[in-house]
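Undergrad: when you get a sec, could you give me coordinates for this:
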Amino acid sequence: MTGMTSPRWKRIVFKPSGEALAGPSGQGLDGDTLAATALEIIAVREMGVDVTVVVGGGNFWRGRQGAMTGMDATQSDHIGMLGTVMNALALQDALERAGQTTRVQSAIEMPRIAEPYIRRRAMRHLEKGRVVIFAAGTGNPFFTTDTAAALRAAEIDAEALLKGTHSGVDGVYDADPRTVPTAKKYDEVSYIEVMTKNLKVMDATAIAFCRDNKIPIVVFDMSAPGSLQTILRGGTVGTIVRDK
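TA: Numbering: from 1, shown residues only. Coordinates of the predicted model:
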């Protein structure tokens, strides 16, 4: 089905991990990676697809892991949300330098640097051809940016959620392919299989939310050039999670 004349979905949520924006180091931000990601998003916009982005913050903060495991969980999550705002602003800059009008909406109000998240305003931006980046997750601790992506997808009537990985893993496997050479990759898997087999796709809340709202999820390696366009043209890239 790679010969589609129109995209398979007309409105998407793109969910790159924070680490993906950091490039090879996995920490901070990488200018070349930001520029390449911006061009991939613009290419999708040129296909006539409405694009929203929910960014993670793992390149700046992993407070529940490592040396900071003793920190209060709510405090740690609030710091992580601020990390997603930094990523959103950096991606906005990369997009606008490449000529794409962009708005950042934050679930935590910070009016000097971003709009507050208002669903109707986000929809209006999309109607005007702008890319909308949703920052600060859901604005609540204990909810991941995966769950924020699923929630925003439902709110703005997105037809799919595209989750870009950063580690070279190009889809969903029955084991970690980096440590298990015989790991099997799924081209398609159901929401129920993901949850019952504990496949590492997204957190369980996000999977259940997408299932309940019939939002397909595509998990793919975003470091492969042109992947977003290929997915929207109907090509087989990564793994699609949906009801079979």
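
Undergrad: switch to C-alpha atoms for all contacts and neighbour counts from now on
TA: Noted.

Undergrad: which helices and strands sit right next to the top helix by length along the chain?
TA: Looking across the chain with DSSP state H, the single longest helix is helix 73-97. Judged by 3 or more Cα pairs under 8 Å, 6 or more residues apart in numbering; DSSP states H and E, helix 73-97 is in contact with helix 18-21, helix 31-45, strand 102-106, strand 131-135.

Undergrad: mind checking which of these is nearest residue 209?
TA: strand 131-135 (17.8 Å; Cα to Cα).

Undergrad: what angle sits between the closest one and helix 31-45?
TA: Orientation check (axes from the mean of the first three to the mean of the last three Cα atoms, to 10 degrees): strand 131-135 against helix 31-45 gives 130 degrees.

Undergrad: list the helices and strands strand 131-135 packs on?
TA: Here strand 131-135 touches strand 50-54, helix 73-97, strand 102-106, helix 119-127, going by 3+ Cα pairs under 8 Å, 6+ apart.

Undergrad: minimum distance to residue 153: which of the ones you listed has it?
TA: strand 50-54 (8.6 Å).

Undergrad: contacting residues around the closest one?
TA: 10-16, 41, 44-45, 126, 129-135, 137, 145, 148-149 (Cα atoms under 8 Å, 6 or more residues apart in numbering).

Undergrad: what do you get if the cut-off is 7 Å, keeping everything else the same?
TA: 10-15, 45, 126, 131-135, 149 (Cα atoms under 7 Å, 6 or more residues apart in numbering).

Undergrad: one step back: could you dump the helices and strands packed on strand 131-135 into TSV and include mean neighbour count?
TA: Below are those laid out as TSV (neighbours: other Cα atoms under 10 Å):
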stretch	mean neighbour count
strand 50-54	26
helix 73-97	21
strand 102-106	23
helix 119-127	15
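
Undergrad: so can I have JSON lines of these showing distance to residue 206?
TA: Shown next, in JSON lines, are the helices and strands packed on strand 131-135 (distance: least, Cα to Cα, whole Å):
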{"stretch": "strand 50-54", "distance to residue 206": "13"}
{"stretch": "helix 73-97", "distance to residue 206": "17"}
{"stretch": "strand 102-106", "distance to residue 206": "19"}
{"stretch": "helix 119-127", "distance to residue 206": "19"}
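
Undergrad: low-scoring stretches of this structure, by residue?
TA: 1-5, 64-69, 167-168 (pLDDT under 70).

Undergrad: now do 50
TA: 1-2 (pLDDT under 50).
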